[in-house]
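*Asks:* structure for the following, please:
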Amino acid sequence: MEPTPTERASKSNDEIESPEVNRNTANRDKHKTQQQQQQRVNPINVHQKESGPVLHSATAVMRHQTVEHPFVRPASRPEPKAKEEIDIGLNGWKVPEQLKNVPPHYPLAPGHCTIFVPHTESEVVASRIWKCLRDQSIYSVFDAAEAVVLCTTLGLVEFVVSLFAGRGDYSHGVIVEVRRRTGCSLAFFRARCAVTLSAEGKQVTEEAVTACSQKLELLDMQMSEEEDAEICNEALDDITTLMDKERQDGQLLGVESLANLTDGIKSGSYVAKFSSVTLLKDRCKNEQFVRYVTEFLGKPLPMDSDCDAHHLRTMRHWILIVLANVVSSAGEQDLGLVHGDNQAVFEQLSQCGVLLVAELKTAKERPHGAYNAARALSSLIKTWPSVDVRSKIYNDDLEIANYIGIRCHARLERESNDIMKSLYSEGQ
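*Replies:* Residues are numbered from 1 along each chain as shown. Modelled structure (predicted):
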C-alpha cells in the first residue's frame, strides 16, 4: 500500500529511497570514513577545546606533527652547495684535447675577432693565450671544461675568449673567438689583437698591436705652465661638480675624468702633476677627494650582484687608479706648486697607506686592485719620504701578491718586486 503524504512527510531523509538522497548519503558516509581514518593516523584530543578557527588549528597540527607513512620516505632538506673556487689561471689553462664544435645557429664574432689556427693542438693554443693574458695583465676567469675564459682589462673592458674545434676540412685546427661584452671599443681591439697574435704563435709587440688598431698619441701642444694650470683648475671644477651629484653615472664619469687628468701619459706630465698637487692641497677639492676615498675604499665590498654593488666595485677600482696616479705623478718636492698645509697631506697619505695595504691582501680576488695599490705604495716609498707606509707592509702579504703576479698578472709582479727591493735595501 502506497504511503499517504502525511506519512511521507514524517519520514526522515534516510528512509526516502530517491537516487539524489541516496547519493548524498553515500558521500556523507564516505566523508565520515575518511575522517575516522585520519584520526587513527593523527590522533587528536577531541575533548580539547579549540581556541581558533578550524583551518588555523589544522595548520598547527600539520606543522608540529610528522606523519610517518610506510610507503612514503620523509623529505630531507637539500644541503647548501659549497661555493666553487674561481680559477684565475694560477696553474695555466687546461682545456680538453677534443674541443666542442661551434653550436648550431651560433654566429661567430665577425671580422678579425674570430681566427682559425691550423694544425695546432688545443692545449698549445690555450697555453699561448694564457701567457698573453698574463703578460698583458688582464684579469681572467677560466672555465677549463667549456674552453672559455672571461677577461677584464685594467680599463674595465670585458671580453670572452672561446675555443672551438673545426669541422670537416678544418678539423685539424682550433677556432678562436674573441667577443667584447662591455667597455671601450678601441681598448678592446688592442687586447683582441694581442690575443689573436699570441694564439697564432706570433710575437706580441707594440708595432704589431698598432698595426691592428690605431694608436692614439698625445698632440704636442706648446702651452705655458699658467695655461696648463688654468685648464687644470677648470677641469677639476667640472669634475667636482659631477662627483657631487647623487646620480651614479655622474659620479662614474667624474672619477673616470679624474683618472685621465692625473695620468701623465694621457694629459701630459705637468698637467697631471699640477692636478695631483691641487687635489691634495686645495681645501674644497681635497675634501671631496678624501670623502670619496673614505666612502669607496674604507668599506668592504658587498657580495650582492645588484646595481648598487656593481657601482661600488667600479668606483672602488677607479678611485684606486686615481690614488695611484696622484702619488706617482707628483712627489713630495712638488707640493710647492699649490699653497696649503704640507703636514696635512702627509697625514692623509699615511691614512691612505693603511687602505692600500688592505687592498694588497686581496691580490687573489682582485689582482687589478692589488696592482694599483702596489703602484701607489711603491711611489709613496720612493718619492714621499715623510709618509710612513713601510711599517704597515707585511712580508707575507707582499710575497703572496708577488706570487699572484708571477702566475697571472705581470704588472702586479713588477710593482711588488719594486716594493720588496726598496724594503730590502733599507733593511741593509
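
*Asks:* got the phi and psi for the residue lying closest to residue 135 once chain neighbours are set aside?
*Replies:* Excluding the flanking residues, the one nearest residue 135 by C-beta to C-beta, 6 or more residues apart in numbering is residue 410, at 5.2 Å. Every C-beta, even on glycine, is put in place using the N, C-alpha and C of the backbone. Dihedral pair for residue 410: phi -70, psi -40, per degrees, to the nearest 10.

*Asks:* how many residues are close by residue 336?
*Replies:* 11 (other C-beta atoms under 10 Å).

*Asks:* distance check, it against residue 228.
*Replies:* Distance, residue 336 to residue 228, by C-beta to C-beta, to the nearest Å: 16 Å.

*Asks:* give the helix, strand or coil label for residue 156.
*Replies:* coil (DSSP: H, G, I helix; E, B strand; the rest coil).

*Asks:* so what's it up against?
*Replies:* Each residue near residue 156 by C-beta atoms under 8 Å, 6 or more residues apart in numbering is listed here: 182-183, 314, 317.

*Asks:* out of these, which is most surrounded?
*Replies:* residue 317 (20 neighbours).

*Asks:* am I right that that residue falls within a helix?
*Replies:* Yes: looking at residue 317 with three-state DSSP, it is inside a helix.

*Asks:* pretty sure it is touching residue 369, no?
*Replies:* Yes: with contact defined as C-beta atoms under 8 Å, residue 317 reaches residue 369; the gap is 6.5 Å.

*Asks:* next one, pLDDT for residue 77 please.
*Replies:* pLDDT, residue 77: 48.

*Asks:* what about residue 409, neighbour count?
*Replies:* 29.

*Asks:* go ahead and confirm it touches residue 135.
*Replies:* No: contact status for residue 409 versus residue 135: not in contact, 9.6 Å apart, counting by C-beta under 8 Å.

*Asks:* coming back round to it: just to be sure, which of the contacts of residue 156 are found in strands?
*Replies:* residue 182 (DSSP state E).

*Asks:* could you dump the contacts of residue 156 to TSV with pLDDT and distance to residue 349?
*Replies:* Shown next, in TSV, are these (pLDDT from 0 to 100; distance: C-beta to C-beta, whole Å):
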residue	pLDDT	distance to residue 349
182	93	33
183	90	31
314	92	24
317	94	20
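
*Asks:* if you count neighbours, what's buried in the strand or helix carrying residue 241?
*Replies:* If you go by DSSP states H and E, residue 241 is part of helix 225-244. Buried residues in helix 225-244, counted by 16 or more other C-beta atoms under 10 Å: 228-229, 231-232, 235-236, 239-240, 242-243.

*Asks:* beyond the helix or strand harbouring residue 127, next helix or strand please.
*Replies:* If you go by DSSP H and E, residue 127 is part of helix 122-135. The helix or strand immediately downstream of helix 122-135 is strand 139-143, counting by DSSP H and E.

*Asks:* got the phi and psi for the closest residue to residue 269 other than its chain neighbours?
*Replies:* Of all residues not flanking residue 269 in the chain, residue 329 sits nearest, at 7.3 Å (C-beta to C-beta, 6+ apart). Phi and psi for residue 329, reported as degrees, to the nearest 10, are phi -80, psi -30.

*Asks:* can you measure across stretch 178-192, start residue to end residue?
*Replies:* End-to-end span of stretch 178-192 (C-alpha to C-alpha, to the nearest Å): 6 Å.
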